[in-house]
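**Q** Sequence first, then the predicted structure:
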Amino acid sequence: MRTHRLFVTAATALALAACSGGGAVDGTPGGSGVRDPYFPKAGNGGYDIGHYDLALDYDPADDAEGDTEAGHLSGTATITARATRDLSAFDLDLQGLDVEKVTVEGRDARFNRAGQELTVRPADELKDGETFRVTVRYSGEPETITDADDSEEGWLPTADGAVGLGEPTGSMAWFPGSHHPSDKATYDLAVTVPAGLGVVSNGELRDERTRDGRTTFTWHTAEPVASHVVTVAVGEWKTGRSTTDDGLPVYTAVDPTQADASRKVLKQIPEIMDWAQENFGPYPFSSTGAIVDRDEDAEYALETQNRPYFPGAPDTVLLVHELAHQWYGNSVSPKTWRDMWLNEGFATYAEWLWEEDHGGDTAQETFEALYDGTYYDDEDENASVWAFPPADPPDAAHLSDSPVYQRGAMVLHKIRETVGDDSFWELLSGWSAAHRHGNADTADFTAYVEKSAPDEDFTEVWADWLRGDGRPESP
């Protein structure tokens, strides 16, 4: 038996040497996941993705019986990445769908599937620092994923098409990649659908052409995007194009059933953008807008980059919240999902500021109502604000709970009280500038605040409001 094992080992070594061009294989597998505290399998090790080029072809399911099913999706994903160490193999995240072929630098690559992991073994070892291109051809019925909090993401069938919503990991249901916010990239998407349907995505619409009864929409995003805020929305749309006063393009896409209800609020986008830039600094992207689908098409709004997604017509405050995310959450993205409060606390505080500036409650009044337990009509909902520290949700099921949003905003208000208004506005815009198109975590933020106001003491803010359990003894 020992002799047989040695023979097999030697044969395997020869085969690996042949695959790598005859030399010794020094690389190691890149590893599955980046060890996020809540989603350890999300993202992948050993490389950084710079660009996705996605060619998708989608046929919605026949809903003659009133059922909404996923339909059929076929795609070719061409991913440009850079190895961060010598690699003998690497992983991509892909949930469901059938993989038909994988190539690396034009050469067929071996691959296997295990859960959400697509492991690729290139014919030639990838060297540390090498830029490489991997192409994955795949097809099937994309999945709707149920999160730990029972919300749905991934590929959601709608009454007249579908929408891809990715937070936190749902984008892996419709294209392979490194699906963690720490690995941002630029995108080109060419999506083909039956003529008569439209496709809305991130960035700018570069081309629209119809041939043989099918229309291809080509979208380009030049600024880095975290995959959870990439979207493809297929359906019947009433589109609008305009600009803000300073020339920023505004592109809206509205389901015809929502056109009347949405018209007034969407006209506020230029005003909101002007107000936001005064408070948060220059807008970090090349266009803005909104996507408004039907009420029943999803359970929540999402800050998809450039143009947030809404199921049904939003009110002004919700529109402010999702547009504020373009600075906080999209341009400045979290390093891990534990830092979710840096997205939601900032966007929630943006709501407070908008109300303060437009005849509603002041931020101080909102803060006091939350602290006193009079903000919500429901006693349990008021108590839920103090369920856990905003910077430390207990698990993935609680990432979107009230402490992340409301208590996260209260942390910002305590900072405002500490430094004063003038310094606070500088801090808001300075934070978004310091990490523009990048990633940051809670430690980065607290260090930034302390450096911005070196004469102030933030011990109580961090200990009692950001990281402390329960309601602080005094507001």
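**A** Structure's in. What do you need? Numbers count the residues shown, from 1 in each chain.
**Q** I'd like the average pLDDT over stretch 104-112.
**A** Per-residue pLDDT over stretch 104-112 has a mean of 98.
**Q** begin at 10 from here
**A** Yes, from this point I'll number from 10; that puts the last item at stretch 113-121.
**Q** got the buried residues for it?
**A** Buried residues in stretch 113-121, defined by neighbour count with 16 or more other C-beta atoms under 10 Å: 113, 118, 120. The way it works is simple: take the backbone N, C-alpha and C, and place the C-beta from them, glycine included.
**Q** And the residues you listed, which is closest to Ala285?
**A** Closest to Ala285 out of those is Val113 (42.3 Å), distances taken as C-beta to C-beta.
**Q** Dihedrals phi and psi, Ser483?
**A** As for Ser483, its main-chain torsions (degrees, to the nearest 10) stand at phi -140, psi 150.
**Q** rewinding a little: in a markdown table: the buried residues of stretch 113-121, plus distance to Ser271 and secondary structure.
**A** Converted to a markdown table, the buried residues of stretch 113-121 look like this (distance: C-beta to C-beta, whole Å; DSSP: H, G, I helix; E, B strand; the rest coil):
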| residue | distance to Ser271 | secondary structure |
| --- | --- | --- |
| Val113 | 45 | strand |
| Ala118 | 46 | coil |
| Phe120 | 44 | strand |
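**Q** could I get those as CSV with distance to Gly479?
**A** Formatted as CSV, the buried residues of stretch 113-121 follow (distance: C-beta to C-beta, whole Å):
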residue, distance to Gly479
Val113, 52
Ala118, 53
Phe120, 49
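**Q** I'd like to know which of those residues is nearest to Ala157.
**A** Phe120 (28.5 Å).
**Q** returning to what we had before: looking at the buried residues of stretch 113-121, which is nearest Gly84?
**A** The closest of the buried residues of stretch 113-121, once distances to Gly84 are taken by C-beta to C-beta, is Phe120, at 15.4 Å.
**Q** State the distance from Arg142 to Gly84.
**A** To Gly84, Arg142 is 16 Å away according to C-beta to C-beta, to the nearest Å.
**Q** Also Trp246?
**A** Trp246 is 22 Å from Gly84, by C-beta to C-beta.
**Q** next one: Asp389
**A** On the measure of C-beta to C-beta, Asp389 and Gly84 end up 44 Å apart.
**Q** What of Thr248?
**A** Relative to Gly84, and taking C-beta to C-beta, Thr248 is found at 24 Å.
**Q** before we move on, what about Leu174?
**A** 17 Å.
**Q** Compare these two and say which is more crowded by neighbours.
**A** Under the criterion of other C-beta atoms under 10 Å, the comparison of Leu174 against Gly84 puts Leu174 first, with 30 against 21.
**Q** Would you map the helices across the stretch 160-309 of the chain?
**A** For the stretch 160-309 of the chain, applying DSSP state H, counting those that start in this stretch gives helices covering 268-275, 278-289.
**Q** Next, name the residue at the spatial heart of the protein.
**A** By C-alpha atoms, centre = their mean, the mean C-alpha position of the chain lies nearest to His237, the distance being 2.5 Å.
**Q** what's near enough to touch that one?
**A** Residues near His237 by C-beta atoms under 8 Å, 6 or more residues apart in numbering: 175-180, 188, 190.
**Q** Then Ser187?
**A** Contacts for Ser187 were tallied using C-beta under 8 Å, 6+ apart; they are 52-53, 56, 58, 101-102, 236.
**Q** Quick check: His81 touching Tyr67?
**A** Yes - with contacts counted by C-beta atoms under 8 Å, His81 reaches Tyr67, the gap being 7.2 Å.
**Q** more neighbours, those two?
**A** Tyr67 (25 against 14).
**Q** Now do the strand or helix carrying the more buried one: which elements does it pack against?
**A** Using DSSP states H and E, Tyr67 sits in strand 56-68. Strand 56-68 is packed against strand 81-92, strand 194-203, with contacts defined by 3 or more C-beta pairs under 8 Å, 6 or more residues apart in numbering; DSSP states H and E.
**Q** just so I know, which of those strands lies nearest Glu150?
**A** Closest to Glu150 of the helices and strands packed on strand 56-68, according to C-beta to C-beta: strand 81-92, at 6.3 Å.
**Q** Strand partners (parallel or antiparallel) of the closest one?
**A** strand 56-68 (antiparallel), strand 140-149 (antiparallel) (DSSP bridges).
**Q** tell me the most buried of those?
**A** Mean neighbour count (mean count of other C-beta atoms under 10 Å) peaks for strand 56-68 among the strands paired with strand 81-92, with a mean of 19.
**Q** what's the distance between Glu114 and Val129?
**A** For Glu114 relative to Val129 (C-beta to C-beta), the value is 12 Å.
**Q** before we move on, back to that, now the helices and strands packed on strand 56-68 in TSV, with mean pLDDT and distance to Ala442?
**A** Formatted as TSV, those follow (pLDDT from 0 to 100; distance: least, C-beta to C-beta, whole Å):
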stretch	mean pLDDT	distance to Ala442
strand 81-92	98	26
strand 194-203	98	20
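**Q** Could you measure from Leu82 over to Asp68?
**A** Using C-beta to C-beta, Leu82 is found at 8 Å from Asp68.
**Q** ditto for His229
**A** 24 Å.
**Q** now Asn288
**A** In terms of C-beta to C-beta, Asn288 sits 44 Å off from Asp68.
**Q** Over to Asp370?
**A** From Asp370 to Asp68 the distance is 49 Å (C-beta to C-beta).
**Q** in which helix or strand would I find Ala396?
**A** Using DSSP H and E, no helix or strand contains Ala396.
**Q** Tell me, how many residues neighbour the closest residue to it other than its chain neighbours?
**A** Nearest residue to Ala396, sequence neighbours excluded (C-beta to C-beta, 6 or more residues apart in numbering): Pro412, at 5.6 Å. Neighbourhood size, Pro412 [other C-beta under 10 Å]: 23.
**Q** check contacts around Pro412.
**A** 350, 393-399, 402.
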